[in-house]
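K.L.:
Any chance you can model this:
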Amino acid sequence: MAEAPPRRQSGLFSLARIAGLGLAVMLAACSTVVPRGTPVPPPVTRPAPKPANPNGLPEDVARHRVALLVPLSGPNAAVGQSIADAAALALADTGGKALRITNYDTAQGAEAAARKALADGNKVFLGPLLSEDVRAVEAPAAAAGVPVIAFSNDADAAGDDVWLLGFSPAQSIDRIVRFAKSKGLTRFAALIPPGVYGRNASNTLIRTAEAAGGSVVAMQSYQRSPGSLAAAIQTISKEKFDAVLIADSGRIAIASAPLIRKSNGAAVRILGTELWNTEPSLNNSPAMAGAWFASVDDTLFKQFVTRYRARYGRTPYRLASLGYDAVLLTVRIAKDWRVGDRFPVDALADDGGFVGVDGAFRFARSHIAERALAVHQLGAGGGTVISPAPQGF
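P.N.:
Okay, the predicted model is just below:
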């Protein structure tokens, strides 16, 4: 990953352009004297250049067309724009010579955006973000032989032509449970939210705890309301456990932690998933002090944030790194990708993996990005990494 900011035109180049413009004006002001009686040739009419395709887009003979499918309007517009900005930053950092990236708004209809992108000649899709949008673009993309490198974390959205770059909750839970077991914690409880995320989290917890030599002694689902959450905590507290997994957002964790401490004591370890990495404010909650969660290492992301702020004047969303890394991945593969050919999907199955803002990752046979995860501990000082992420595979 290049760390230098995008190159700017030098002052000499700018002056040369200005001098050239001045010369053109001077030549335009001059006139040529034509002797009387000399026939004047008819004006030459040049045909207008033909567009590359019916959409009028410029023709690319040396660059690959890449579609970025993200929400650019509606409730998720800010996240989508942050991803799009990060993709543009990655293109600038890598020189921007191999790819032409065009943004398409999935909030106006993901399938329509996909079909427009295909009509424009794009050979690979980066995105969409939402799992339902991934499913909407899968069929038209597959029919055209265009792979989808999506930003979703829904494992069920992966497929033969769909690769998921999003942060996998299953990998996060597997990492934190195995780490907890290595520290002597064997009896696990869990608070599980409704929906697909909750079902996947509960299945992963049971499977990983048993594989690691531990057990799940209590598990309770809830609706996201204070009364339902309190009742769920009261239910699991009937059992004795060493650690409790809160498989939900930081907001739910902050609301749950004081009740868990009150019912089960300060010694119980609170565990979380990759969702907590998007909420640094968790470190400010006294009840969350000492809690563990597994996610990518933020060292390179913090450098990315500095560069993003310098370029755009605002702080990126945490998911913006997916846009940056997707472009880095595509640029690397483009070195062996002939313009006009289909995207070489076999290159995605590199066992050695790739490295980006979020560290090392590779695509498993399931087409889900396998990531090197660190274990983070929350605390008033801003949190610390207590088990570093592996550097590779």
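K.L.:
Where does Ser256 fall, secondary structure wise?
P.N.:
Using DSSP states H and E, the element containing Ser256 is helix 250-264.
K.L.:
so after that helix, what's the next helix or strand?
P.N.:
With DSSP H and E, the next secondary element past helix 250-264 is strand 269-272.
K.L.:
list the contacts for the residue nearest the centre of the chain?
P.N.:
Closest to where the C-alpha atoms of the chain average out (CA atoms, centre = their mean) is Leu322, at 2.0 Å. By CB atoms under 8 Å, 6 or more residues apart in numbering, Leu322 lies in contact with 83, 86, 151, 165-166, 358. Placement of C-beta: from N, CA and C, glycine included.
K.L.:
How many neighbouring residues does the nearest residue to Leu328 once chain neighbours are set aside have?
P.N.:
Among residues not flanking Leu328 along the chain, Gly356 sits closest, at 5.1 Å (CB to CB, 6 or more residues apart in numbering). Residues near Gly356, counting by other CB atoms under 10 Å, number 23.
K.L.:
What are the phi and psi values at Gly356?
P.N.:
phi -140, psi -160 (degrees, to the nearest 10).
K.L.:
can you check Gly359 too?
P.N.:
According to degrees, to the nearest 10, Gly359 has phi 90, psi -160.
K.L.:
Now do the contacts for it.
P.N.:
Contacts of Gly359 (CB under 8 Å, 6+ apart): 296-297, 300, 371-372, 389.
K.L.:
Can you tell me which of those has the most neighbours?
P.N.:
Arg371 (27 neighbours).
K.L.:
Pretty sure Ala211 sits in a helix.
P.N.:
Yes. The assignment for Ala211 is a helix, going by DSSP: H, G, I helix; E, B strand; the rest coil.
K.L.:
What is the burial count for it?
P.N.:
12.
K.L.:
same thing with Pro390?
P.N.:
12.
K.L.:
now swap in the one 3 residues further on and tell me
P.N.:
Counted with other CB under 10 Å, residues neighbouring Phe393 total 14.
K.L.:
Help me confirm that it comes into contact with Val355.
P.N.:
No. Judged on CB atoms under 8 Å, Phe393 makes no contact with Val355 at a distance of 10.5 Å.
K.L.:
Which of the contacts of Gly359 fall within helices?
P.N.:
Taking DSSP state H, the ones among the contacts of Gly359 that sit in helices are Leu300.
K.L.:
The contacts of Gly359: which two are farthest apart?
P.N.:
The span of the contacts of Gly359, defined through CB to CB, is set by Leu300 and Arg371 at 12.9 Å.
K.L.:
one step back: what comes up buried for the helix holding Ser256?
P.N.:
Going by neighbour count (16 or more other CB atoms under 10 Å), the buried part of helix 250-264 is 250, 252-257, 259-261, 264.
K.L.:
so how far is it off the chain centroid?
P.N.:
29 Å (CA atoms, centre = their mean, to the nearest Å).
K.L.:
counting contacts, what elements does it pack onto?
P.N.:
helix 226-236, strand 243-246, strand 269-272 (3 or more CB pairs under 8 Å, 6 or more residues apart in numbering; DSSP states H and E).
K.L.:
want to try a markdown table for the ones you listed, with distance to Gly290 and mean neighbour count as columns?
P.N.:
Formatted as a markdown table, the helices and strands packed on helix 250-264 follow (distance: least, CB to CB, whole Å; neighbours: other CB atoms under 10 Å):
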| stretch | distance to Gly290 | mean neighbour count |
| --- | --- | --- |
| helix 226-236 | 18 | 16 |
| strand 243-246 | 11 | 27 |
| strand 269-272 | 7 | 24 |
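K.L.:
re earlier: quick one: which of the contacts of Gly359 is nearest Asn200?
P.N.:
Arg371 (16.1 Å).
K.L.:
for that closest one, which residues make a bridge with it?
P.N.:
Phe361 (DSSP bridges).
K.L.:
Looking at the helix holding Ser256 now, give me its mean pLDDT.
P.N.:
The average pLDDT within helix 250-264 is 96.
K.L.:
Next, the angle from it to helix 226-236.
P.N.:
40 degrees (axes from the mean of the first three to the mean of the last three CA atoms, to 10 degrees).
K.L.:
hmm, who's touching helix 250-264?
P.N.:
191, 193, 224, 226, 229-230, 233-234, 237, 241, 244, 246, 268, 270, 272, 275-276, 278-279, 281-282, 285, 287-288, 291.
K.L.:
Kindly recompute the last result at 7 Å.
P.N.:
191, 224, 226, 229-230, 233, 237, 244, 246, 268, 270, 272, 276, 279, 281-282, 285, 287-288 (CB atoms under 7 Å, 6 or more residues apart in numbering).
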